[in-house]
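*Asks:* Sharing a sequence plus its predicted fold:
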Amino acid sequence: MDWSIMIIRAMEFKDFNDCKALLEMMEDDKFVFPYKHELERKFEEMLQWFITVKLGITTRPIPPQMVDNRKIDLLSLYMIVKRDGGYRSVTNDNLWPVIAKDMGYEYKDGEYMRIIYAMYLDILVYYYRFKDVQEKAHDKERMKEREPSPKSCHGRSASAEAVKDVVAMDHYALYAGNDWEGAWNMHKRRRKFDFKEARKAVDEANKSVLMFAAKRN
């Protein structure tokens, strides 16, 4: 038995630190690929606890589904958006149609992918980054306990400053630059997606095929 599989299967979620442990494990993209099947199930289990217990929301089915009842792989959505810089970066660059295509859907499903991410993953990412910054601030304070003035030059503790910063910052930008290995690592930074140009190219291709078929007939 693979020890990594045993560790993944043994994980339980009773506190957000348990969620943080799984998310930290997934920071290593090379680890995700060989254990994606196990992680996918555990990721959904984590979201089930986070949304229903931590947030108290009981009206969101996990996993969510498309209109045709196809299951949406939340782990893949999380990793793809992370690779492309996070929610705000993907939104600003109009990459949601590309995200949908990467997930195996159509360009027109991009807005639906954005809504699913916002409903299921956006707040999870914020909690994760907030917790990380908060813990680093506490560690910094403990290291300065023996110093004459443990507060900042403005009379505020390091943790208070960190909490203020993480609330004000564009926390999604923290994911910029993270590569996604193998088949997913197509681009470190994708250009802004032009949906109109993509639709035009598809229409022209369809028109060409129809004209060719008509000539043959």
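*Replies:* Good, I have the coordinates.
*Asks:* for residue 91, what are its contacts?
*Replies:* Applying C-beta atoms under 8 Å, 6 or more residues apart in numbering, we find residue 91 in contact with residue 114. Yep, even glycine has a C-beta here, placed from its N, CA and C like the rest.
*Asks:* Tell me which helix or strand it sits in.
*Replies:* Per DSSP states H and E: residue 91 is located in helix 87-92.
*Asks:* and the next helix-or-strand element following that helix, what does it pack onto?
*Replies:* Of the helices and strands lying after helix 87-92 in sequence (DSSP H and E), the nearest is helix 96-102. For helix 96-102, the elements it packs on are helix 74-83, helix 110-120, judged by 3 or more C-beta pairs under 8 Å, 6 or more residues apart in numbering; DSSP states H and E.
*Asks:* Just say which of the ones you listed is most tucked in.
*Replies:* helix 74-83 (a mean of 22; mean count of other C-beta atoms under 10 Å).
*Asks:* Now do it against helix 110-120, angle only.
*Replies:* 100 degrees (axes from the mean of the first three to the mean of the last three C-alpha atoms, to 10 degrees).
*Asks:* what mean pLDDT does helix 74-83 have?
*Replies:* Mean pLDDT, helix 74-83: 94.
*Asks:* From residue 29, how far out is the closest residue to residue 17 other than its chain neighbours?
*Replies:* Nearest residue to residue 17, sequence neighbours excluded (C-beta to C-beta, 6 or more residues apart in numbering): residue 131, at 7.7 Å. Plainly put, residue 131 is 21 Å away from residue 29 if you go by C-beta to C-beta, to the nearest Å.
*Asks:* and if you look at residue 21?
*Replies:* Here the criterion is C-beta to C-beta. By it, residue 21 lies 17 Å from residue 29.
*Asks:* At which residues are the strands of this structure located?
*Replies:* Using DSSP state E, the chain contains no strands.
*Asks:* Averaging pLDDT per element, find the lowest-scoring helix or strand in it.
*Replies:* Lowest on mean pLDDT, DSSP states H and E among the helices and strands of the chain sits helix 158-168, with a mean of 46.
*Asks:* Could I get the pLDDT score of residue 213?
*Replies:* We have a pLDDT of 54 for residue 213.
*Asks:* Repeat that for residue 2.
*Replies:* 82.
*Asks:* Now for residue 121, how many residues are close by?
*Replies:* Residues near residue 121, counting by other C-beta atoms under 10 Å, number 20.
*Asks:* can you check the one 4 residues further on too?
*Replies:* Here the neighbour count serves as a burial measure; for residue 125 (other C-beta under 10 Å) it reads 20.
*Asks:* And for residue 128?
*Replies:* Residue 128, neighbours per other C-beta under 10 Å, totals 18.
*Asks:* Please apply the same query to residue 105.
*Replies:* 18.
*Asks:* Any figure for the gap between it and residue 30?
*Replies:* In terms of C-beta to C-beta, residue 105 sits 26 Å off from residue 30.
*Asks:* got it, and residue 101?
*Replies:* When residue 101 is compared with residue 30 (using C-beta to C-beta), they lie 24 Å apart.
*Asks:* Please consider this matter closed, and thank you.
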